[in-house]
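In: Here is a sequence together with a model predicted from it:
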Amino acid sequence: MAFHLPYSAVARAAAGAALSLALAAALPIGAAQAQPVAAPSAALPDFTQVVEATEASVVNIRTTEAVPVRRSPMMPGDGDPSELFRWFFGPDFMPPGFGQPNPQGPRGRQRQQPAPSEGERTVPRGIGSGFVISADGYILTNNHVVDNSNGIFVTMTDGKEYKAKVIGTDARTDIALIKIEASGLKPLPIGDSDKLRKGQWVLAIGSPFGLDSTVTAGIVSAINRDTGDYLPFIQTDVAVNPGNSGGPLINLQGQVVGINSQIVSRSGGFMGISLAIPIDEVMRVVEQLKAHGKVTRGRIGVQITEVQDEVAKALGLDKGQGALVSSVEAGGPAAKAGVHPGDVITAFNGQAIKHMTDLPRLVGATRPGTTATVQVWRKGKSLELKATVAELDDKAAAAQNGEAPSSGTGADRLGLTVKALPPDTGEQGVVVDQAEGAAAEAGIEPGDVILRINDADITSPKQYAQIVKDLDKSRPAVLLVSRDQQSQWVIIKPQ
């Protein structure tokens, strides 16, 4: 069927065409030749060869965990309903209207107290991704994929499944090195994440939502994205979802340039922002995990904050760069080197500190025992100091991050020790690591998620620690606690 324009539209089109011809005729030949010519558009990249070369090296990882099981006692044969109340509230609990507790059952039999038995059963924990880095079975993934699991199972693209063992993990960078008993595997070639540029094509292979060997593609959106964590991330718009964690970020040469680790999301699903750990940082961690099963980092014993532009101007600095020292650990490496509160650390071992978070990364990458050069700005002058880097232990790391140490003696004023949620959950809050004292009495258990304290939403372990520290001990605190996707308010009096 032909489509006919109205007469008025036809007339206007004809008139416009005539005017265009007249103008073209009036232009000089040189002017006509000078008109810009659109460059032919470049074809989109074909990922098929990259996928064919790399897909077999990407694995699916499923984990299991042991959970406690409580076997509920059977109701007495006489059907005494008070036994149900006593099971939940203790043997001496007396429901209203039931009179005094009777050690004998209503038919004269001795009442048996409930005796729940504790046990464990293994249940599926989660699904993630990983990739082979050596022919003899070494595999890289995220720490949060294998953390707290009692079984790790690796499935290759050909369907073969292996049980894996953990060689070493590093929660700070969210990296885990695992190994399977296999040989002749095809490792992925390692690229150079320092050469990445914005707009460069990259792709991800993994198991989003358990759909193994799924390929998605996009571009590098930002480099050295600072999220407040220990590492600068590669930001991409590659579709990454829960289950992609631990999978490779691959360039067009088929080289791994990062490990997909986090998503920025309000819903828990992909919203256009994905974060990957640069492979250069990953391989430095892998070397230590292979050699020692853990990562050793350096520390100098300072608490730091950002340098605001107004503060920089007042101190005589050109711009708001560096790390402002808010406190110095007594007797620590920085104190011995002569660093003072109020100093601005502008460089460490010759590398400029552009952002506050650059300092802990540079110090952490320095071998303990090394003598490092610390350049500080003090009273309008630049000073060069020498500090002997110490080892960052768990206690120092917790203090640096504003977290409570993960031990029973390190519980906070509420009786809790907490840690950050896995990055790919897309949720806010902190997860309970241990509960004791008032928190345990209130019914809080490990694995519960603290969403809010009083009227403050919880966003990180550091922010949580500050809120708990400032609680009024004369008033009970109200915590919004989530368990099994259900939330309730819990009242705890701070110690």
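Out: Noted; the coordinates are in hand.
In: can you give me the helices in the stretch 151-300 of the chain?
Out: Counting by DSSP state H, counting those that start in this stretch, the stretch 151-300 of the chain has helices at residues 279-292.
In: okay, and for it, where does confidence drop off?
Out: The stretch 151-300 of the chain contains residues with pLDDT under 70 at 228-230.
In: For it, just list every one of the strands.
Out: With DSSP state E, counting those that start in this stretch, the ranges of strands along the stretch 151-300 of the chain come out as 151-155, 161-170, 175-179, 201-206, 214-225, 233-236, 248-251, 256-263, 274-278, 298-299.
In: Work out the gap between the third one and the centre of the chain.
Out: Read it as strand 175-179. 16 Å (CA atoms, centre = their mean, to the nearest Å).
In: Start the count at 37 instead of 1 going forward.
Out: All right, first residue 37 from here; so that's strand 211-215.
In: what's in contact with it?
Out: Applying CB atoms under 8 Å, 6 or more residues apart in numbering, the external contacts of strand 211-215 come out as 97, 166, 173-179, 181-183, 188, 190, 200-206, 282, 295, 313, 318, 321-322, 325-326. Just so you know, the C-beta spots here come from the backbone N, C-alpha and C atoms, and that holds for glycine as well.
In: Buried subset of those as a PyMOL selection?
Out: Listed next is the PyMOL selection for buried residues among those, using 16 or more other CB atoms under 10 Å:
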select buried, resi 97+166+173+174+175+176+177+178+179+181+182+183+188+190+200+202+204+205+206+282+295+313+318+321+322+325
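In: picking that back up, turn the strands of the stretch 187-336 of the chain into a markdown table, including distance to residue 419.
Out: Putting the strands of the stretch 187-336 of the chain into a markdown table (distance: least, CB to CB, whole Å) gives the following:
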| stretch | distance to residue 419 |
| --- | --- |
| strand 187-191 | 50 |
| strand 197-206 | 34 |
| strand 211-215 | 36 |
| strand 237-242 | 43 |
| strand 250-261 | 28 |
| strand 269-272 | 33 |
| strand 284-287 | 41 |
| strand 292-299 | 38 |
| strand 310-314 | 32 |
| strand 334-335 | 21 |
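In: Of all those strands, which one is nearest residue 87?
Out: Residue 87 lies closest to strand 250-261 among the strands of the stretch 187-336 of the chain, at 5.5 Å (CB to CB).
In: Which one, of the strands of the stretch 187-336 of the chain, ends up nearest to residue 487?
Out: Ranking these by proximity to residue 487 (CB to CB) places strand 292-299 first, at 19.5 Å.
In: Can you list the buried residues in that closest one?
Out: For strand 292-299, the neighbour count (16+ other CB under 10 Å) marks 292-299 as buried.
In: So which of the residues you listed is the closest to residue 363?
Out: Nearest member of these to residue 363, counting by CB to CB, is residue 298, at 29.9 Å.
In: Pairing partners for residue 335 in the sheet, please.
Out: Note on residue 335: beta-bridge partners residue 426, judged by DSSP bridges.
In: One more: the one 4 residues further on?
Out: Residue 339 has the following beta-bridge partners by DSSP bridges: residue 363.
In: what about it, how many neighbours?
Out: For residue 339, the count of nearby residues is 16 (other CB atoms under 10 Å).
In: While we're on it, how confident is the model there?
Out: On the pLDDT scale, residue 339 is placed at 90.
In: how close does the closest residue to residue 508 other than its chain neighbours get to residue 287?
Out: Nearest non-adjacent residue to residue 508, counting by CB to CB, 6 or more residues apart in numbering: residue 530, 7.4 Å away. As judged by CB to CB, to the nearest Å, residue 530 and residue 287 stand 51 Å apart.
In: how far away is residue 363 from residue 385?
Out: 22 Å.
In: oh, I was asking about residue 293
Out: Taking CB to CB, one finds residue 293 at 26 Å from residue 385.
In: for residue 514, same thing?
Out: Taken as CB to CB, the span from residue 514 to residue 385 is 47 Å.
In: ok, now residue 243?
Out: Distance, residue 243 to residue 385, by CB to CB: 40 Å.
In: Let's see the pLDDT reported for residue 354.
Out: Listed pLDDT for residue 354 reads 86.
In: Please name the nearest non-neighbouring residue to it.
Out: Per CB to CB, 6+ apart, closest to residue 354 is residue 348, 7.4 Å.
In: ok, and what's touching the helix or strand harbouring that neighbour?
Out: Using DSSP states H and E, residue 348 falls within helix 345-351. The contact list for helix 345-351, computed with CB under 8 Å, 6+ apart, reads 354-357, 360, 380, 413, 416.
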